[in-house]
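Chemist: For reference, the sequence and a predicted model appear below.
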Amino acid sequence: MSEVIMSAAQKQKKSLKDILRGKKGQQFLVITLFMIVPLTLLIVFTGIPFFKMVQFSFYKMKYIGPREFVGLQNYKDVFQRSDIFKSLIVSVYYMGGAVVQLGLALFFATLLVFGTKGSSLFKGAMFFPYLICGIAVGFIFKFFYARGFVLDSILNLFGTDFDDIPLWLQDKRINNISLAATSVWRYLGQNMILFLGAMMSVDTELYEAAQLDGANKWHQFRYIILPSIKSIVVLNLILSISGSLSAFEPPYVITNGTMGTGTYFVIMNRLAHENQKVGLACAMAIVLLAIIIVCTVAQKLFFKYMFDDGTADESKAAVKKRKQHEKINRKALREGESKV
Amino acid sequence: MKKMKAGTFIFTVLKYVALATASIAALIPVLVCILTAFKTNEEYATTSVLELPQSFLYFENFKIAFEKANMLRGFFNTGLVMIVVLTASVFIGSMLAFVLNRFRFRGNAVVQNLFMFAALIPGIATQVTVYQIMHTLGFINHLYGYMIVMMGTDIISIYIFLQFFENLPVSLDESAIMDGCTYFGVFFKILFPLLKPAIVTSLVLKGVGIYNEYYMSNLYLQTPELKTISTALYTFTGPYGNQYNYICAGVLITIIPILILFLIFQKQVYGGMAAGAVKG
């Protein structure tokens, strides 16, 4: 699809060039002037840091002072140091949270897509947490979970005795669940809005037609809604992997990574800027990047295999069928024209 | 027929119960913050957090939070950063997208792929080495340094503009050029005004991002007079550790501007979400 557009654009550009023969210099000037700033920024703040990161990951070093080449030791440490290894396990809690979040987002988006009075109110209330800055989210939930405060009082209101309520942030069995829940609170509405957007792109006449045909809500969900959003659901599932490794501000404010709640970024931040283990932190960054690249490639392959391209929701077979149809139609049309 | 109606009725009731529960659950943590922010020290110490404050006109906590955390400075600095960075990134993003979309030249695909790859690297991860570069350039503890690095991490808006240019027909450019327009004229006079929806979307997304940004402002703006809104808020972790009536007031002060903007630009915010997602 995109190739077609591109080749058409190229054709048009060629004719543009023909008109402008001799204006090559101007073209060159525009290209250079418009690109110099973003490219410089890209090189200075992403390119060079990236290569330095790769380089530093092989050294034992601080920001200033002597460096010592240690080969792959830093990478070994990423998987062998207990604090880093634990942070990888902590991220599993956040992934679990992400799955719950996707399920809930899908559920609420489906409810809203059927048309509801006051839907903008519900949407607004559920989406708003996404706009609150991470530090504020941290404070809100530090207060929420503190002994005898918000959550405890609510549970108490419903008749639970204070003595039966666990310490949400100190109890090592549940504190990561508490923290992952803040993440669900923060991103649920945003996920829902994404899904809702994808669902709304379906022609509403389809729902009406289905209803007339006697399809119940489940059938409508199964055969109309789900196909329209499966690619965005899979995309979000994959993004949640890198997202759960990148969780930072709430755990940073709420527990600062104590009691076994240090996420990958909290630990990395501590190693890099407090302990100044720059080499090790760089190795952690490279490992994270490798995980993200693997996820991205997996996603691309998944879509290539399942769908026509990364954005379409039609399966490959459906596209083939549609194209065949179009071909036949065109042929019929041409024949019709020639007869006239 | 009647039976089906009963079924629909139950479905409707359950739907509203579910939606209302979720909305309340989303709002409760913030609502309790509002209650607490209006309580005097004594009330805070003696009443349950779920009790209403004696008066919703008690603004002392807000005053204290505003002054102690130096939030006026924070708002000023964040505002200044937003104006400069947003303006710059609208131009940088749209100009780059124009060149990449309208001209086929050697290296076009390479540049696009470079930006794509850069988008994959999570921001916090590279800061270990960006810190060194900022240090070398003498950018640390200067507002302009922070502004420049914030422009550099701008990839979403480039994508939004690239998508938008796909839908602007090249014939627009051609006819303008026939009329004797230069390429600069084509961009600034013809295309740039048409980009308005994309500009609003990228302003909303990027604006929220800058307003809430903590990590880099914490690293690169360390002196008290350079505090941004989120680093100012973070100062509450120290001396006010457990005075949640002050902390909640501080939290609300940071939330209010974004709430107002959200209520005004709801449509654009939701639209921006969708546009940002396609990039992934």
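Modeler: Thanks, I have the structure now. Residues are numbered from 1 along each chain as shown, chains lettered A, B, ... in the order given.
Chemist: only C-alpha atoms for contact and neighbour calcs from this point on.
Modeler: Noted.
Chemist: which intervals of the chain have sub-threshold pLDDT?
Modeler: You didn't pick a chain, so chain A it is. Residues of chain A that meet the criterion pLDDT under 70 lie in A:1-23, A:307-324, A:326-327, A:330-340.
Chemist: not quite, I wanted chain B
Modeler: For chain B, the stretches with pLDDT under 70 are B:1-4, B:153-154, B:239-240, B:275-280.
Chemist: so where do the strands sit in the stretch 101-250 of chain A?
Modeler: With strands called from DSSP state E, counting those that start in this stretch, the stretch 101-250 of chain A shows none.
Chemist: phi, psi of the residue in it that chain B sits nearest to?
Modeler: Closest residue of the stretch 101-250 of chain A to chain B, CA to the nearest CA: A:C133 (4.5 Å). Torsion angles at A:C133 (phi, psi; degrees, to the nearest 10) stand at phi -70, psi 150.
Chemist: Am I right that it is in contact with B:E213?
Modeler: Yes: assessed by CA atoms under 8 Å, A:C133 is found in contact with B:E213 at 7.4 Å.
Chemist: before we move on, back to that, now the residue of the stretch 101-250 of chain A closest to chain B, nearest residue through space, not along the chain?
Modeler: B:N212 (4.5 Å; CA to CA, 6 or more residues apart in numbering or on different chains).
Chemist: what do you get for B:N70?
Modeler: Nearest residue to B:N70, sequence neighbours excluded (CA to CA, 6+ apart): B:A232, at 6.6 Å.
Chemist: Give me the helices and strands touching the helix or strand harbouring the one you found, please.
Modeler: Using DSSP states H and E, B:A232 maps to helix B:229-234. Counting contacts by 3 or more CA pairs under 8 Å, 6 or more residues apart in numbering or on different chains; DSSP states H and E, helix B:229-234 is packed against helix A:134-145, helix B:71-102, helix B:196-212, helix B:244-264.
Chemist: Kindly compare burial across those helices and name the winner.
Modeler: Most buried of the helices and strands packed on helix B:229-234 by mean neighbour count (mean count of other CA atoms under 10 Å in any protein chain shown) is helix A:134-145; its value is a mean of 24.
Chemist: What lies in contact with it?
Modeler: Helix A:134-145 is touched from outside by A:149-152, A:168-169, A:182, A:186, A:249-254, B:29-30, B:33, B:212, B:214, B:230, B:233-234, B:244, B:247-248, B:251, B:254, with contacts defined as CA atoms under 8 Å, 6 or more residues apart in numbering or on different chains.
Chemist: you'd agree B:L50 is in a strand?
Modeler: No: the assignment for B:L50 (DSSP: H, G, I helix; E, B strand; the rest coil) gives coil, which keeps it out of a strand.
Chemist: which residues touch the closest residue to it other than its chain neighbours?
Modeler: Distances taken as CA to CA, 6+ apart place B:V32 nearest to B:L50, at 6.6 Å, with adjacent residues excluded. Contacts for B:V32 (CA under 8 Å, 6+ apart) come out as A:V150, B:V49, B:L50.
Chemist: Now do B:V32 against B:I253, distance only.
Modeler: From B:V32 over to B:I253 the distance is 15 Å, taken as CA to CA, to the nearest Å.
Chemist: Check A:I232 too.
Modeler: Counting by CA to CA - A:I232 and B:I253 are separated by 35 Å.
Chemist: Next: A:D164.
Modeler: Look at A:D164 and B:I253: by CA to CA, they are 35 Å apart.
Chemist: swap in B:I121?
Modeler: Separation of B:I121 from B:I253 (CA to CA) stands at 32 Å.
Chemist: May I have the secondary structure class of A:M259?
Modeler: Applying three-state DSSP: A:M259 is coil.
Chemist: Just give me the neighbour total for it.
Modeler: Using other CA atoms under 10 Å in any protein chain shown, the number of residues around A:M259 comes to 13.
Chemist: Name the residues of stretch A:257-272 that come out as buried.
Modeler: For stretch A:257-272, burial by neighbour count (16 or more other CA atoms under 10 Å in any protein chain shown) applies to A:257, A:260-272.
Chemist: what do you get for stretch B:35-52?
Modeler: For stretch B:35-52, the buried set under the neighbour-count rule, 16+ other CA under 10 Å, comprises B:L35, B:T36, B:A37, B:F38, B:K39, B:T40, B:E43, B:Y44, B:V49, B:L50, B:L52.
Chemist: Give me the most central residue, chain A.
Modeler: Nearest residue to the geometric centre of chain A (CA atoms, centre = their mean): A:L239, 3.7 Å.
Chemist: ok, that one - contacts?
Modeler: Taking CA under 8 Å, 6+ apart as the test, what A:L239 contacts is A:C295.
Chemist: distance of it from A:I286?
Modeler: Look at A:L239 and A:I286: by CA to CA, they are 18 Å apart.
Chemist: again, but for B:L263
Modeler: Distance from B:L263 to A:I286, by CA to CA: 40 Å.
Chemist: Only C-alpha atoms, please: export stretch A:208-225 in PDB.
Modeler: Extracted C-alpha coordinates of stretch A:208-225, given in PDB (Å, rounded to 0.1, in the frame of the first residue of the first chain):
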ATOM      1  CA  GLU A 208     -26.500  -1.400  13.400                       C
ATOM      2  CA  ALA A 209     -26.500  -4.000  10.700                       C
ATOM      3  CA  ALA A 210     -25.300  -6.700  13.200                       C
ATOM      4  CA  GLN A 211     -27.900  -5.700  15.700                       C
ATOM      5  CA  LEU A 212     -30.600  -6.000  13.000                       C
ATOM      6  CA  ASP A 213     -29.300  -9.400  12.200                       C
ATOM      7  CA  GLY A 214     -29.800 -10.400  15.800                       C
ATOM      8  CA  ALA A 215     -26.200 -10.400  16.900                       C
ATOM      9  CA  ASN A 216     -25.900 -10.000  20.700                       C
ATOM     10  CA  LYS A 217     -23.300  -7.900  22.400                       C
ATOM     11  CA  TRP A 218     -20.800 -10.800  22.700                       C
ATOM     12  CA  HIS A 219     -21.000 -11.500  19.000                       C
ATOM     13  CA  GLN A 220     -20.600  -7.900  18.200                       C
ATOM     14  CA  PHE A 221     -17.500  -7.800  20.400                       C
ATOM     15  CA  ARG A 222     -16.100 -11.100  19.000                       C
ATOM     16  CA  TYR A 223     -16.700 -10.500  15.300                       C
ATOM     17  CA  ILE A 224     -16.600  -6.700  14.900                       C
ATOM     18  CA  ILE A 225     -14.700  -5.100  17.700                       C
END
